[in-house]
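*Asks:* Here you go, sequence then predicted model.
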Amino acid sequence: MLRLHCGVIQKYVISMTEYPNSDEDDFSNSGEDEFSNSGEDEFNWDDELEPDSEESGMSFLEHLEDFRWTVGRSILAFLLGVVIVGCLMPYVGAFLQMPLIEAYGSAELVGEKLITYKPMGVFSVFIQIALLGGLVLSMPFVLYFMACFIAPGLTDRERKVVRPACFAAFVLFLSGVAVAFYGILPLTLAFSVKFNQVMGFQVLLAASEYYSMVVWFSLATGAIFQFPLIIVILIFIQVLAVEKLKAIRRAVFVGTMIFAALLTPGGDFLSLPLTTGILYGLYELAILVGTHIEKKRRAAELAELEAEE
């Protein structure tokens, strides 16, 4: 419409320049004819306003609405997880005490060693455990909702990568949590308790600090276990090469030692090498899987070349 009006104005200016004494009625008639003819011949508003359902797909507002429902379902899953953990708090609290029970060897001693410094300190512990527990319970559902949201925009090849990657991420996360909860934490706490007993001290643990350490360290270890998966994906999409990863092994080993020193709760000489060995083992596992991927890719390329010849 704007283009048509501009054409009329341009014609008017040209006509006034060439024929300054011409009658306005003649121009108005010619302008109306030009407007009607050019509008019908050059531009069809019905065709322009009718969307092509096959090519356009979802509109921006539809994508925005879908994203809104994805966020809403994720928040609902998180709130339900918080409610479930809150209702099962006595059992959850007893479960989180398992590493400390293994360290002391008795649940009664654990009850004597866990203390709160403030009258309402137990309330902060309750809120912290409920929120973090709700996050853990809702995480698989949130990942599923996000995968459903981005799936329509992926190609078939990308879907083949995303589906096993999501499953591997979930398995690796649970593996990391299990290693931290059943392996690293009991050993670290047992060493700390035994060492203090040898020195003639008693260890009194603040409940908020203990539960925070157990939950956050377990979640952080589960997140770190995604490290080899990220490397494998980068190798698969040909962003990283296995030879490059092999060349930086020493630097990666030093980096894992520094990171393990920051991550380990006790900072002792038992948990530090254990965590470092696990992290570096994950790196070597990624190199092993990446080598298999590159060999498979080379074999496929050779097969294609032989087929073309």
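*Replies:* Received, thanks.
*Asks:* neighbours around residue 305, how many?
*Replies:* 9 (other C-beta atoms under 10 Å). All C-beta spots, glycine's among them, are computed from the backbone N, C-alpha and C.
*Asks:* next one: residue 100
*Replies:* If we define neighbours as other C-beta under 10 Å, then residue 100 has 22 of them.
*Asks:* residues in contact with whatever helix or strand it lives in?
*Replies:* Residue 100 is located in helix 98-104, with elements delineated by DSSP states H and E. Helix 98-104 has contacts (C-beta atoms under 8 Å, 6 or more residues apart in numbering) with 107, 110, 113-114, 181-182, 185-186, 189-190, 192-193, 205, 210, 214.
*Asks:* mind redoing it with 6 Å?
*Replies:* Helix 98-104 is contacted from outside by 107, 110, 185, 186, 189, 190, 193, using C-beta atoms under 6 Å, 6 or more residues apart in numbering.
*Asks:* Would you mind measuring from the second one to residue 97?
*Replies:* It refers to residue 110. Relative to residue 97, residue 110 is positioned 5 Å away (C-beta to C-beta, to the nearest Å).
*Asks:* where does this structure dip in pLDDT?
*Replies:* Along the chain, segments meeting pLDDT under 70 span 1-58, 107-109, 111-112, 265-269, 309.
*Asks:* Pick out the residue closest to the middle of it.
*Replies:* The residue lying closest to the centre of the chain (C-alpha atoms, centre = their mean) is residue 143, at 7.7 Å.
*Asks:* Look up the closest residue to that one, ignoring the ones flanking it.
*Replies:* Using C-beta to C-beta, 6 or more residues apart in numbering and skipping the chain neighbours, the partner closest in space to residue 143 is residue 166 (6.2 Å).
*Asks:* and the contacts of helix 98-104, which are buried?
*Replies:* By neighbour count, with 16 or more other C-beta atoms under 10 Å, these hold 110, 185, 186, 189, 190, 193 as buried.
*Asks:* For the first one, pull up the helix or strand it's in.
*Replies:* Under the criterion of DSSP H and E, residue 110 resides in helix 107-113.
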